[in-house]
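Trainee: Following is a predicted model, sequence given first.
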Amino acid sequence: MADVVVRAGGIVLWRQIAAALEAAIAAGEHAPEDRLPSEGVLAARFGVNRHTVRRALDSLARRGLISTEQGRGSFVAGEVMDYPLHGRTRLFETIRAQRREPASRILRVAVMPAAPTVAAALEIGRGQPVLRVERLGLADGRPLVLGTHHLPLPRFARAEAALRSAPSITAALAACGVPDYRRASTRITARLPTGEEAGRLRQSRARPVLASEALNLDMEGRPVDFTLACYAAGRVQVLVEEAPGTVR
């Protein structure tokens, strides 16, 4: 990596640093998923202040070349995982199919009155109780998606106990008599994350997330789960496809 910046060369310092880091990544000096040197180390190397280095790193993050994880530093972007959308979308199955190790953490579970959007999706009255489950999905230890599931009560009253044994929504639904379910709809938008979302996903607040609203139905067509989720856009790309085994 070229460590010299030209202060009278007509190109602002942070752009020179960003170009040097990009060239180093392209040359293979930093492999995918590698942690970059800290802001302090880079500032000393280039003879600039940390703010200048931070601007360079932010520009690379906005372009998707690196990701910045709060409290951990900056990392070279790794492979982006395909997230197929079809009638049997399952997070763990999707991650395993791409030779990665899935994991899930339950962050919060609470009984809440259904907000209007949730009530409409689940076809229940406004203010009716739902089980609200906040869950973090990971692949190879890296945060992938932050989801908030809404399960109608009293039908899924046993789901909370099931989630204590295994952090799996599929297993929780099965414990409540729903052995299988299908995705009815998914709506996806892009937005900037909140501070909490950025922290959970270990990414910069300047980096957009893919936000989704998804509705799952049991095999009789009754709503069982309405999920609001945000995906780390630098690690996930949505793939729309037919369900496995579909014959045209």
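Mentor: Now that the structure is in, tell me what you want to look at. These figures come from a predicted structure and were not determined experimentally. Numbering: from 1, shown residues only.
Trainee: Strands of the chain, start to end?
Mentor: 66-69, 73-76, 81-85, 102-113, 129-139, 142-152, 181-191, 209-218, 223-232, 236-240 (DSSP state E).
Trainee: Pipe those strands into a markdown table and attach mean neighbour count per row.
Mentor: Using the backbone N, CA and C atoms, a C-beta is placed for each residue, glycine as well. As requested, those are exported to a markdown table (neighbours: other Cβ atoms under 10 Å):
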| stretch | mean neighbour count |
| --- | --- |
| strand 66-69 | 23 |
| strand 73-76 | 20 |
| strand 81-85 | 18 |
| strand 102-113 | 14 |
| strand 129-139 | 20 |
| strand 142-152 | 23 |
| strand 181-191 | 14 |
| strand 209-218 | 19 |
| strand 223-232 | 23 |
| strand 236-240 | 13 |
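Trainee: now those strands in CSV, with mean pLDDT and distance to Ala23?
Mentor: CSV is the format used below for the strands of the chain (pLDDT from 0 to 100; distance: least, Cβ to Cβ, whole Å):
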stretch, mean pLDDT, distance to Ala23
strand 66-69, 80, 13
strand 73-76, 88, 13
strand 81-85, 83, 27
strand 102-113, 96, 35
strand 129-139, 96, 29
strand 142-152, 95, 26
strand 181-191, 94, 29
strand 209-218, 96, 29
strand 223-232, 96, 26
strand 236-240, 83, 26
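Trainee: okay if I get those strands as TSV plus distance to Asp34?
Mentor: Formatted as TSV, those follow (distance: least, Cβ to Cβ, whole Å):
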stretch	distance to Asp34
strand 66-69	10
strand 73-76	5
strand 81-85	18
strand 102-113	22
strand 129-139	17
strand 142-152	13
strand 181-191	27
strand 209-218	23
strand 223-232	18
strand 236-240	20
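Trainee: Surely Val145 touches Phe92?
Mentor: No: counting by Cβ atoms under 8 Å, Val145 stays clear of Phe92, with 11.6 Å between them.
Trainee: now for the strands of the chain, which one comes closest to Ala20?
Mentor: strand 66-69 (13.2 Å; Cβ to Cβ).
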